[in-house]
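Participant: fold the following and give me the result.
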Amino acid sequence: MSIKGTKTEKNLWIAFAGESQARNKYLSYGRRAKEEGYDDISDIFIETAKDEEEHATDILRFLGGVNHTLGNLRLSAQSEHYESETLYKEFERVALAEGLEDVAKFFNSLSEKEASHERVFLELARRLVVDQDKK
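Facilitator: Numbers count the residues shown, from 1 in each chain. Reported below is the predicted structural model:
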């Protein structure tokens, strides 16, 4: 049976977002604990972040989101393009309209970084195709 369009698919996406956010939070918490000299606490946060990453990867597999490398590169480039050209530009516009110039600059820098990621993924995909054609 296909997961597409089911409540379970929606639940998996919610779980994926939660696990992904927890991973990033715990990595940040681990870095802060290390900065404050709490290496043992840092280690626990980092280890827990790795567990959350595994959970997210397992969930993504259920959703059919871990494909062959060329497909992953192309999908990643598309995601980075959307973030760069649509998402963060809109967020920047809203922040400017609300007078939050520091936040707007932050979103602008994210947009530029995501565009850089897109270029890297596209170049890697191009190289992979060239390498496969040589075989």
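
Participant: now the helix or strand hosting Ala15, how far from the centre of its chain.
Facilitator: Using DSSP states H and E, Ala15 falls within helix 7-35. Chain-centre distance of helix 7-35: 11 Å, with C-alpha atoms, centre = their mean, to the nearest Å.

Participant: going on from that helix, what's the next piece of helix or strand?
Facilitator: Following helix 7-35 in sequence, per DSSP H and E, is helix 39-62.

Participant: just the C-alphas of that following helix, formatted as CSV.
Facilitator: Taking C-alpha atoms only, helix 39-62 is exported to CSV below (Å, rounded to 0.1, in the frame of the first residue of the first chain):
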residue,chain,number,x,y,z
ASP,A,39,32.3,18.7,28.1
ASP,A,40,30.4,15.8,29.5
ILE,A,41,27.0,17.5,29.0
SER,A,42,28.2,18.6,25.5
ASP,A,43,28.9,14.9,24.6
ILE,A,44,25.4,13.9,25.7
PHE,A,45,23.8,16.6,23.5
ILE,A,46,26.0,15.7,20.5
GLU,A,47,25.2,12.0,20.9
THR,A,48,21.5,12.6,21.2
ALA,A,49,21.7,14.8,18.1
LYS,A,50,23.2,11.8,16.2
ASP,A,51,20.3,9.7,17.4
GLU,A,52,17.8,12.3,16.2
GLU,A,53,19.6,12.4,12.8
GLU,A,54,19.2,8.6,12.5
HIS,A,55,15.5,8.9,13.4
ALA,A,56,15.0,11.6,10.7
THR,A,57,16.9,9.5,8.1
ASP,A,58,14.7,6.4,8.9
ILE,A,59,11.5,8.6,8.5
LEU,A,60,12.8,10.0,5.2
ARG,A,61,13.3,6.5,3.9
PHE,A,62,9.6,5.7,4.7
